[in-house]
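In: Please find the sequence and the predicted model below.
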Amino acid sequence: MDIERIWKNTKEEMKVILAPAVFQTFISKTQLIAYKDDKATIACSSAYLVEINKKRYYQLFKNSLDNQTKSNNTLEFIVQENLKENKENKPAPLLDFEYKQSKNNNVSHLHPKYTMENLVVGNSNNYAYAAAQGIIENPGLLYNPFFIWGGVGVGKTHLMQAIGHELLKNNPDLKIKYFPAENFGNELISSLKSKNMNPFKEKYRNLDCILVDDIQFIAGKEFIQQEFFHTFNALHMNGKQVILTSDRKPSEIDHLEDRLVSRFMGGLTVDIQLPDYEMRVAIINQKVDDKKLKITDEAVHYLAENLTSNIRDIEGRLQEVTIQALSQQKNIIDLSFLHSLFSTFPNNISNPKQKLSPRHIISVCAKHFNIKTGELCGSSRKKEIVTARHLTAYLLITEGELPLKEVGYLLGGKDHTSIIHARDKIHSEISTNPQTQELINKIKSKF
């Protein structure tokens, strides 16, 4: 039996299911080193990866391997240091502009670091990323306008500008312009004062693609909204791509004209959530690697567990870490270094977050779904209760850090296979349905 081919195909199957950041961080760094009598021995590069893969991805590994071998396998995860990564699964290196420079690039105002190669894709932005790929292949046709919304520092601007870079790579002669909505308003006012509107209109209405950041800033400004409405229509009717970002969905932007809300909702509206644990791990590894430093898996785990804010805040903390490491000529960031470092900073993260009470998690979930805890932990097969039970099981595992057997006991004596099914079902939905991640975040905010 060719175990290399089996493992390659197994990982390819998991690659389709998982977000790129999750696959790259946890799955790509594994190897099938032995397979006999339906028992697979899977090597990981550290004890940390062994623990994560056993705890979070065991069933996914098993299902994918079972599909390849047509057997009911058992898995064993072991540590094998200096494990070589599969080169085919390594992320593309950070590239400078590869597309041909043209006169249009001077006015696109795209940041050179906001590229697809430098974008970490995880469960929180996987849906938006997939839509972006469709725009890159067919600008102006598939998702137009493309409206991205989410909180501060979640990567909206990065994704939007990355689309612009990819469009220019495919066609360097495209006329693309990135600008904050506030700049549009300021330029409009300046043009009005100078009584020179025609150049302003031509500047924006003759573009092939506009990337408008923080569109909520035009709300309540009647004349600016009017001019943007006409600019939007001129571009949209000519099949030009419009991409917008905001801190909230169009229907929730106060004092935004109904006709603009209607236009913005006429394409595809997606939200980007705060990065989950796996995505935070990938971000930390990428940022440290960019600084040419090394970090232990335990240190990555510590940071990912404690830095739970937005991407911008995580990057700020990592900047502190790397500066301190470089100043102390420390080539490897380990746990002891982090403990000593963060104890000296204000608002330090050296105290790990308190473990949530299982009963508290169950109570919050029951209240959110407006059902009794007895129903949630009972045997009812009503669709809405089963859905709530699956989500509760997932949160008891991921947030309460409980073993499968205990989760089953708390939810009315369910066996561990039922809990595995619930966990994997929710995990799969998070990867494909942004509403599921949004629902989980709403529940977690009440803990």
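Out: Sure thing, it's come through. Treat the numbers as computed from the prediction; the structure is a model and nothing was measured.

In: what phi and what psi does the backbone show at the spatially most distant residue from the centre of the chain?
Out: Computed with CA atoms, centre = their mean, the residue of the chain farthest from its C-alpha average is residue 195, at 45.2 Å. Note on residue 195: backbone dihedrals following degrees, to the nearest 10 are phi 50, psi 50.

In: check contacts around it.
Out: The contact partners of residue 195, by CB atoms under 8 Å, 6 or more residues apart in numbering, come to none. Placement of C-beta: from N, CA and C, glycine included.

In: and the gap between it and residue 218?
Out: Separation of residue 195 from residue 218 (CB to CB, to the nearest Å): 22 Å.

In: next one: residue 151
Out: 20 Å.

In: Neighbour count: these two, which is higher?
Out: residue 218 (26 against 15; other CB atoms under 10 Å).

In: mind listing the helices for the stretch 151-300 of the chain?
Out: Assigned by DSSP state H, counting those that start in this stretch, the helices in the stretch 151-300 of the chain fall at 156-170, 181-193, 197-205, 222-237, 258-264, 277-290, 297-306.

In: Now distance to residue 385, mean neighbour count and mean pLDDT too, for those helices, in TSV please.
Out: What follows is the helices of the stretch 151-300 of the chain, written out as TSV (distance: least, CB to CB, whole Å; neighbours: other CB atoms under 10 Å; pLDDT from 0 to 100):
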stretch	distance to residue 385	mean neighbour count	mean pLDDT
helix 156-170	36	22	96
helix 181-193	44	16	94
helix 197-205	52	14	94
helix 222-237	44	16	96
helix 258-264	35	16	96
helix 277-290	27	21	88
helix 297-306	31	20	89
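
In: From residue 18, how far out is residue 275?
Out: Distance of residue 275 to residue 18, computed by CB to CB: 15 Å.

In: and these two? which has more neighbours close in?
Out: Each of residue 275 and residue 18 has its neighbours counted (other CB under 10 Å); residue 275 has more, 27 against 23.

In: Touching, the more buried one and residue 283? I think so.
Out: Yes - using CB atoms under 8 Å, residue 275 is in contact with residue 283, at 6.4 Å.

In: Any chance you could list residues touching both of the two?
Out: Applying CB under 8 Å, 6+ apart, one finds that residue 275 and residue 283 are jointly contacted by 120, 311, 314.

In: which among the residues you listed gets closest to residue 58?
Out: residue 120 (24.3 Å; CB to CB).

In: Would you mind measuring from the closest one to residue 279?
Out: Using CB to CB, residue 120 is found at 6 Å from residue 279.

In: which residues are in contact with both of these two?
Out: Counting by CB under 8 Å, 6+ apart, the common neighbours of residue 120 and residue 279 are residue 21.

In: re the thing from before, output the helices of the stretch 151-300 of the chain as TSV; include the columns distance to residue 9.
Out: Below are the helices of the stretch 151-300 of the chain laid out as TSV (distance: least, CB to CB, whole Å):
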stretch	distance to residue 9
helix 156-170	29
helix 181-193	47
helix 197-205	50
helix 222-237	44
helix 258-264	43
helix 277-290	23
helix 297-306	27
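
In: Which of those sits closest to residue 425?
Out: helix 277-290 (17.4 Å).

In: Measure how that closest one sits relative to helix 297-306, angle-wise.
Out: When axes from the mean of the first three to the mean of the last three CA atoms, to 10 degrees is applied, the directions of helix 277-290 and helix 297-306 differ by 130 degrees.

In: Mind giving me the packing neighbours of helix 277-290?
Out: helix 20-22, strand 294-295, helix 297-306, helix 311-327 (3 or more CB pairs under 8 Å, 6 or more residues apart in numbering; DSSP states H and E).

In: In CSV: these, plus distance to residue 169.
Out: Converted to CSV, the helices and strands packed on helix 277-290 look like this (distance: least, CB to CB, whole Å):
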stretch, distance to residue 169
helix 20-22, 19
strand 294-295, 31
helix 297-306, 32
helix 311-327, 24
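
In: Which of those sits closest to residue 135?
Out: helix 20-22 (17.6 Å).

In: wait, is residue 41 part of a strand?
Out: Yes - the assignment for residue 41 by DSSP: H, G, I helix; E, B strand; the rest coil puts it in a strand.

In: Quick one, grab the pLDDT at it.
Out: Residue 41 carries a pLDDT value of 95.

In: now it, nearest residue through space, not along the chain?
Out: residue 34 (3.9 Å; CB to CB, 6 or more residues apart in numbering).

In: Likewise for residue 408?
Out: Sequence neighbours aside, residue 414 is the residue nearest to residue 408 in space, at 4.1 Å (criterion: CB to CB, 6+ apart).

In: What segments of this protein are strands?
Out: Here the chain has its strands, by DSSP state E, at 30-36, 39-44, 74-79, 146-150, 176-180, 209-213, 241-246, 268-272, 294-295, 332-333.

In: hmm, back to that, who wins for proximity to residue 410 among the helices of the stretch 151-300 of the chain?
Out: Residue 410 sits nearest to helix 277-290 of all the helices of the stretch 151-300 of the chain, at 21.8 Å, using CB to CB.

In: still on that earlier bit, so which of the helices and strands packed on helix 277-290 comes closest to residue 171?
Out: helix 20-22 (25.0 Å).

In: Point out the other helices and strands that that closest one packs with.
Out: Under the contact criterion of 3+ CB pairs under 8 Å, 6+ apart, helix 20-22 touches helix 277-290.

In: what's in contact with the helix it packs on?
Out: Applying CB under 8 Å, 6+ apart, the contact partners of helix 277-290 are 19, 21-22, 24-26, 94, 118, 120, 122-125, 275, 294-295, 300-301, 303-305, 307-308, 311, 314-315, 318, 321-322, 333, 398.

In: can you check stretch 374-382 too?
Out: Stretch 374-382 has contacts (CB under 8 Å, 6+ apart) with 362, 365-366, 369, 385-386, 388-389, 392, 410-412.

In: Quick one: buried ones out of those?
Out: Among those, those classed as buried by 16 or more other CB atoms under 10 Å are 362, 365-366, 369, 385, 388-389, 392, 410-411.

In: Which two of the residues you listed have the greatest separation?
Out: Pairwise distances across the buried ones among the contacts of stretch 374-382 peak at 16.2 Å for 369 and 410 (criterion: CB to CB).

In: Quick check: residue 444 vs residue 148, distance?
Out: Residue 444 sits 22 Å away from residue 148, going by CB to CB.
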